[in-house]
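Participant: this one's sequence-less:
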């Protein structure tokens, strides 16, 4: 609700500043939608006490295809949650301290990237969500908003109305279609107020016992608080254009821009008051903390999809801090990309937001209809009816958002969801192919190497080479040392040193007319394997390890070069024997 009412007004003023009188009716429609969807998700809580996100519900009841669509929509939603929440939080900070715009280059982008990086780093270090972390900004925000709305309502009653608002009778017939489209666009923009309702059903297992009861209580209170604050914002915003200097709507990058909450707080208590700064401070805090929820949920969802084989398996792996670090890094990267591409403009990011949300809502509610039909438990017809109404409404809203917001950026999400779905399917197909190729029924059918030839690279003689020779001899009796000639004047010295060493390993000198380290070695391996089909060749490369980072700049990574050149060859193994330098 920190930006939903403002998003509605921002669309309505495209038609006429006076068309804001439609805002309250739109807000009431959204409140009705909040009530229905919240009631529908109570059903999900009852059916999935272990957590019922859209991906799980859709996958279990509708099949893997709809589940993947829901998963793709949710992944996009979480990325947008970070970008939108942080950008909105930064807008609150800049509304409280506009001077930052003058002293900080690209203040919105810079601060947004800073907060995303800070939250991402904290999560990589093992930050956990907790009630105590969210308690102060959450209750602080609620209390300050109630104070602001009460004070503004009392003050607005003392100010006379200066101008009548426009009604449908004032609009020419040729404008009715345009007006209806503007109203639907405003409704679509305000539907961002519903983002986050699903979070309670996702985390039922985090509540104290009895989990279902407490989760349902929380969902109910969340809907009530959201309704009160959202309608309160709508009522005050409807009065502001008719009193005093009135409501001002600027582009979020304009130096004069202030959020709607900032304008209401300034109207009620003044822009230098404790209430003004306290409200914006708590608003910024709760919005930025909201991004942390996505940093917890995005990696968890990615891990579930990866375990099912539709994302790379490393997304399912936890790091040293017991967090899904790959998911955290990916979320941070794409969130920053959104901030940079859209320059942190909230009015540009919001049209993308609701498409993924209502796609997931629709599939989740439809999945619940199928769940109750299969379950046939007590009152299953009633449960089906509730979730069916939720599914139909969510789908209708999704269509409205897709049509009215298509040109503003919704097309991008509508394109991304099937693209991500196609990527999921391609990854799964590849993993299935790998499993099929690696499967075996008879161990005796596996090819057996005809022998093992160990080659140790010898650029010159030193202690590290001696370690490599001993390791090579431990692998096989068939060992050869290979020296590739880059400078012929060192050959006599190398040969004399080899004779003094009295090694049982023969030294093979390979000419290199073009001073290449790799090509002569590859040709020699090909020659040996051609003479003896099925020969396993192990290439041992001694490698110096320096302690200081700047000393590593003087070392040539020959091992990696050889490994890269041999990685696509069968029956060839590369091993490096490290020797350490002080």
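Facilitator: Thanks, I have the structure now. It should be emphasised that the depicted structure is a prediction, and the values quoted were computed from it without experimental measurement.
Participant: low pLDDT regions in this protein?
Facilitator: Residue ranges of the chain with pLDDT under 70: 14-20, 52, 127-131, 156-175, 240-255, 320-322, 440-446, 552, 555-556.
Participant: can you list the domains in the protein?
Facilitator: By the assignment in automatic domain parsing, the chain contains the domains 4-429, 448-580.
Participant: next, format those domains as TSV and append distance to residue 439 and mean neighbour count.
Facilitator: To be clear about C-beta, it is placed using only N, CA and C from the backbone, and glycine gets the same treatment. Below are those laid out as TSV (distance: least, Cβ to Cβ, whole Å; neighbours: other Cβ atoms under 10 Å):
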stretch	distance to residue 439	mean neighbour count
domain 4-429	15	19
domain 448-580	19	15
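Participant: make TSV out of those domains and add distance to residue 438.
Facilitator: Compiled in TSV, the domains of the chain are given as follows (distance: least, Cβ to Cβ, whole Å):
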stretch	distance to residue 438
domain 4-429	14
domain 448-580	15
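Participant: which SSE is the spatially most central residue of the chain in?
Facilitator: Nearest to the mean C-alpha position of the chain, by Cα atoms, centre = their mean, lies residue 331 at 3.0 Å. Element membership of residue 331, judged by DSSP states H and E, is helix 325-341.
Participant: just the angle between the next helix or strand after that helix and helix 325-341, please?
Facilitator: Using DSSP H and E, the next helix or strand after helix 325-341 towards the C-terminus is helix 346-375. Angle, helix 346-375 to helix 325-341, by axes from the mean of the first three to the mean of the last three Cα atoms, to 10 degrees: 140 degrees.
Participant: beyond helix 346-375, next helix or strand please.
Facilitator: helix 380-404.
Participant: what is that next one packed up against?
Facilitator: helix 23-47, helix 176-190, helix 346-375 (3 or more Cβ pairs under 8 Å, 6 or more residues apart in numbering; DSSP states H and E).
Participant: the helices in the stretch 51-200 of the chain, which residues?
Facilitator: Ranges of helices in the stretch 51-200 of the chain, per DSSP state H, counting those that start in this stretch, are 54-62, 64-96, 99-103, 107-124, 131-156, 176-190, 199-202.
Participant: quick one: contacts of the first one?
Facilitator: Outside helix 54-62, the residues within contact range by Cβ atoms under 8 Å, 6 or more residues apart in numbering are 44, 48, 66-71, 73-74, 198, 301, 304-305, 308, 360-361, 363-364, 366-368, 370-371, 374.
Participant: one more time with 6 Å
Facilitator: By Cβ atoms under 6 Å, 6 or more residues apart in numbering, the residues outside helix 54-62 that reach it are 66-67, 70-71, 74, 360, 363-364, 367, 370-371.
Participant: swap in stretch 186-193?
Facilitator: Here stretch 186-193 has contacts from 1, 4, 7-8, 11-12, 26, 30, 230, 350, 353-354, 397, 400-401, 404-405, using Cβ under 6 Å, 6+ apart.
Participant: now do stretch 496-508
Facilitator: When contacts are defined by Cβ under 6 Å, 6+ apart, stretch 496-508 is touched by residues 461, 469, 479-482.
Participant: and those as a markdown table, adding secondary structure and distance to residue 539?
Facilitator: As requested, the contacts of stretch 496-508 are exported to a markdown table (DSSP: H, G, I helix; E, B strand; the rest coil; distance: Cβ to Cβ, whole Å):
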| residue | secondary structure | distance to residue 539 |
| --- | --- | --- |
| 461 | coil | 19 |
| 469 | helix | 14 |
| 479 | strand | 11 |
| 480 | strand | 11 |
| 481 | strand | 12 |
| 482 | strand | 9 |
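Participant: okay if I get these as CSV plus distance to residue 122?
Facilitator: As requested, the contacts of stretch 496-508 are exported to CSV (distance: Cβ to Cβ, whole Å):
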residue, distance to residue 122
461, 52
469, 49
479, 52
480, 54
481, 52
482, 51
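Participant: going by distance to residue 337, which of those wins?
Facilitator: The closest of the contacts of stretch 496-508 to residue 337 turns out to be residue 482 (Cβ to Cβ; 47.1 Å).
Participant: thought that closest one was touching residue 454?
Facilitator: No. Using Cβ atoms under 6 Å, residue 482 is not in contact with residue 454, being 10.4 Å away.
Participant: which ones are touching residue 283?
Facilitator: 2, 92, 261.
Participant: rerun that using 7 Å as the cut-off
Facilitator: Contacts for residue 283 (Cβ atoms under 7 Å, 6 or more residues apart in numbering) come out as 2, 92, 141, 261.
Participant: any chance of the helices of the stretch 51-200 of the chain in TSV, with distance to residue 412 too?
Facilitator: Shown next, in TSV, are the helices of the stretch 51-200 of the chain (distance: least, Cβ to Cβ, whole Å):
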stretch	distance to residue 412
helix 54-62	20
helix 64-96	9
helix 99-103	28
helix 107-124	19
helix 131-156	31
helix 176-190	15
helix 199-202	24
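Participant: past whatever helix or strand residue 423 lives in, which element shows up next along the chain?
Facilitator: Residue 423 is part of helix 411-438 when elements are defined by DSSP H and E. Later in the chain than helix 411-438, the nearest helix or strand by DSSP H and E is strand 451-457.
Participant: just give me how far that next one sits from the chain centre.
Facilitator: Relative to the centre of its chain, strand 451-457 is centred 47 Å away, using Cα atoms, centre = their mean, to the nearest Å.
Participant: what does that strand contact?
Facilitator: Counting by Cβ under 7 Å, 6+ apart, 468-469, 472, 475-476, 478-482, 528, 532, 535-541 sit against strand 451-457.
Participant: partners of that strand, with directions?
Facilitator: Partners of strand 451-457 in the sheet, by DSSP bridges, are strand 479-485 (parallel), strand 535-545 (parallel).
Participant: wasn't residue 508 part of a strand?
Facilitator: Yes. Secondary structure of residue 508 (DSSP: H, G, I helix; E, B strand; the rest coil): part of a strand.
Participant: so it bridges to which residues?
Facilitator: Here residue 508, judged by DSSP bridges, has bridge partners residue 482.
Participant: check the gap between it and residue 139 for me.
Facilitator: Per Cβ to Cβ, to the nearest Å, residue 508 is found 77 Å from residue 139.
Participant: cool, and residue 218?
Facilitator: Distance from residue 218 to residue 139, by Cβ to Cβ: 14 Å.
Participant: now residue 110
Facilitator: Separation of residue 110 from residue 139 (Cβ to Cβ): 30 Å.
Participant: and if you look at residue 238?
Facilitator: Look at residue 238 and residue 139: by Cβ to Cβ, they are 27 Å apart.
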